[in-house]
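>>> Sequence below, structure please.
(one chain, ligands or ions: 1)
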Amino acid sequence: AAFTVGLTGGIGSGKTTVANMFAARGAAVIDTDQIAHQLTKPGGIAIPAIAAQFGQDYIASTGALDRARMRETVFADPAAKQRLEAILHPLIRSECEREALAAQGPYTMLVVPLLVESGDWKKRVARVLVVDCPEEQQIVRVMDRNGLSEAQVRAIMANQATRQQRLAAADDVILNDGDAAALEPQVERLHTLYSALAQAIS
Ligand code: ATP
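Below you'll find the predicted structure:
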């Protein structure tokens with residue numbers, strides 16, 4: 001489908017939860033986090049370049065990227081972060097385009113955690129959908145899910161766009177401040193809108 005919606009939101013805002021609801025309605029969902037994971041699993045195509053750039057110490061005995069070690073390194077060293085991104089981003093982008101070409105469904109939805117922060121991804125999508133959530137709730141969800149401290153979650157959030165920046169970039173917003181059931185009517189309304197917009201350009 002040529003019509004592409006970019007879905008984004010802060011860490012733990014509910015992007016995956018919401019994307020699954022669009023997928024259940026037939027949208028072709030492409031998740032850039034999942035692609036990054038595939039690229040860095042045992043035998044993943046990013047592994048040789050990462051080993052060459054960072055050293056074999058960053059590859060676990062399974063052959064996968066040692067995520068914990070890499071996370072520590074890039075958190076402390078912006079230049080290392082850039083080097084990792086220079087390896088991963090072109091691979092993520094090309095895999096994304098490959099999946100988009102093969103995608104069935106009325107429209108395509110790209111899930112991109114840092115879409116608002118990245119000019120390239122913003123240009124790639126026709127519309128930006130933000131999953132919005134109060135920061136306090138984001139913190140509780142990520143502490144629960146990842147077993148992190150409040151300070152650790154806040155440190156991650158400090159490296160992402162603020163809630164206000166994200167909302168300013170949004171064409172559409174899904175508010176995820178309640179239970180999952182409260183998401184359904186919001187997803188339904190936007191699925192209808194995106195199907196109609198896709199139809200109009202086809
Ligand atoms: P990340 O950026 O960390 O990958 P995400 O934005 O994809 O996160 P999810 O994985 O969908 O967010 O949600 C984060 C956590 O919060 C999950 O454990 C999820 O089950 C839970 N969660 C999300 N939305 C709700 C909700 N409305 N009610 C209860 N739990 C929720």
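
>>> Quick one: name the residues of this structure near the ligand.
Neighbours of the ligand within the chain, by CB under 6 Å from any ligand atom: 9, 11-17, 113, 141, 145, 176, 179-180. In this view, the C-beta of every residue, glycine as well, is placed from N, C-alpha and C.

>>> For PyMOL, what selects the buried ones among these?
Applying 16 or more other CB atoms under 10 Å to the residues of the chain next to the ligand, the buried members can be selected in PyMOL as follows:
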select buried, resi 9+11+12+13+14+15+16+17+113+141+176
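
>>> how about the residues of the chain next to the ligand, which pair is most distant?
When CB to CB is used, the two most widely separated members of the residues of the chain next to the ligand are 113 and 179, lying 22.9 Å apart.

>>> And the top helix by length along the chain, what does it pack against?
What stands out as the longest helix in the chain, according to DSSP state H, is helix 78-102. If you count contacts as 3 or more CB pairs under 8 Å, 6 or more residues apart in numbering; DSSP states H and E, helix 78-102 packs onto strand 28-31, helix 32-39, helix 47-54, helix 67-76, strand 108-111.

>>> between the ones you listed, which has the poorest average model confidence?
Here the lowest mean pLDDT among those goes to helix 67-76, at a mean of 93.

>>> neighbouring contacts of that helix?
With contact meaning CB atoms under 8 Å, 6 or more residues apart in numbering, helix 67-76 is reached by 40, 50, 54, 57-58, 80-81, 84, 155.

>>> From those residues, list the buried ones, please.
Buried members of the contacts of helix 67-76, scored by 16+ other CB under 10 Å, are 40, 50, 54, 58, 80, 84.

>>> how close does the second one get to residue 166?
Which is residue 50. Applying CB to CB, to the nearest Å, the value for residue 50 to residue 166 is 29 Å.

>>> May I see the buried residues of stretch 187-198?
Neighbour-count burial for stretch 187-198 flags 187, 190-191, 194-195, 197-198 (criterion: 16+ other CB under 10 Å).

>>> Looking at those residues, which are in helices?
The helices, defined by DSSP H, take in 187, 190-191, 194-195, 197-198 from the buried residues of stretch 187-198.

>>> Dump the residues you listed into CSV; add pLDDT as well.
Listed next are those as CSV, based on pLDDT from 0 to 100:
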residue, pLDDT
187, 98
190, 98
191, 98
194, 98
195, 97
197, 96
198, 96
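
>>> The ligand versus residue 63, what's the distance?
To the ligand, residue 63 is 24 Å away according to CB to the nearest ligand atom, to the nearest Å.

>>> quick one: that residue is in a strand?
No - counting by DSSP: H, G, I helix; E, B strand; the rest coil, residue 63 is not part of a strand but coil.

>>> nearest spatial neighbour of it, skipping sequence neighbours?
residue 42 (3.6 Å; CB to CB, 6 or more residues apart in numbering).
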